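[1] Output the structure for:
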Amino acid sequence: MNYDLAAFDVDGTLIEGPDGMTVWEVLNLRFTGTPDHNKERYALYKAGKLSYAEWVELDVTGWRDAGATRDELVEAFAPLRMRDGVREALESLRDAGMRLVVISGTLDLMLNTVFPDHPFEDLYTNHIGFDESGRIDHWRATPFDMAGKAEALRALALRERIPLERCVFVGDSSNDVWIARAAGFSIAIDPRCPELESTVDAVVRSNDLRDILPHLGLT
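    Got it, this is the predicted structure:
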């Protein structure tokens, strides 16, 4: 093995929503009536008119103002499913001695709900907190989405004394471009972004995560 650490995106990479929807789109549809906020707010973010933290706040406060509770959020995750072969692929990587981490703009609550037995040592994600009645009480926008994903990988590599060239990243969308450039080896699985396709070292068109393994010297 030429690699010591593998970092993963979540939405679209490990966990899939109906019609390719992210957890943000699923929750916006459930609590605000439309999944289109994501596209609108991404456009504002790209234009420099909305910060990432403000984008997260708009989504989460929309759910809070709709009265969403923790139990209702968990219930809304029902359409989300793990990609085929996720457990087996991650087990193979871990058995090969790789450290596994998540660097994603997803929600920690969703990952811990859909994949409660996940093997990740570190989670760099967005966080939602709840009061005693289960209502949304606070939240924390990750500084490690978009360009910040690469910063998180560099910080992890430094902390663990792992050269970046021995770090792998697996993702699928436009917010993965920066970290794909930083990683020693990057893989796009069913990519939804031409720029990511042209950036990564390997493209895997499959619904099974195990199909990334041959690109890492594993079977």
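[2] In the chain, what helix or strand scores lowest on average pLDDT?
    Using mean pLDDT, DSSP states H and E, helix 37-46 stands out as the lowest-scoring helix or strand of the chain, at a mean of 93.
[3] What angle do helix 37-46 and whichever helix or strand comes after that one make with each other?
    Next along the chain after helix 37-46, taking DSSP states H and E as the criterion, comes helix 52-65. Helix 52-65 and helix 37-46 meet at an angle of 150 degrees, taking axes from the mean of the first three to the mean of the last three C-alpha atoms, to 10 degrees as the criterion.
[4] Return helix 52-65 as CSV; C-alpha atoms alone will do.
    What follows is helix 52-65 as a C-alpha-only set of coordinates in CSV (Å, rounded to 0.1, in the frame of the first residue of the first chain):
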residue,chain,number,x,y,z
TYR,A,52,-20.9,29.3,3.8
ALA,A,53,-21.8,29.9,7.5
GLU,A,54,-24.7,32.1,6.4
TRP,A,55,-25.8,29.4,3.9
VAL,A,56,-25.9,26.8,6.7
GLU,A,57,-27.8,29.2,9.0
LEU,A,58,-30.5,29.9,6.3
ASP,A,59,-31.1,26.2,5.9
VAL,A,60,-31.1,25.2,9.6
THR,A,61,-33.2,28.2,10.8
GLY,A,62,-35.7,27.3,8.1
TRP,A,63,-36.1,23.8,9.6
ARG,A,64,-36.1,25.2,13.1
ASP,A,65,-38.8,27.8,12.2
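[5] Check which residues of the helix or strand following that helix are buried.
    Scanning forward in sequence from helix 52-65 by DSSP H and E, the next helix or strand is helix 70-76. Neighbour-count burial for helix 70-76 flags Arg70, Glu72, Leu73, Ala76 (criterion: 16 or more other C-beta atoms under 10 Å). Any C-beta I mention is one placed from the backbone N, CA and C, and that applies to glycine too.
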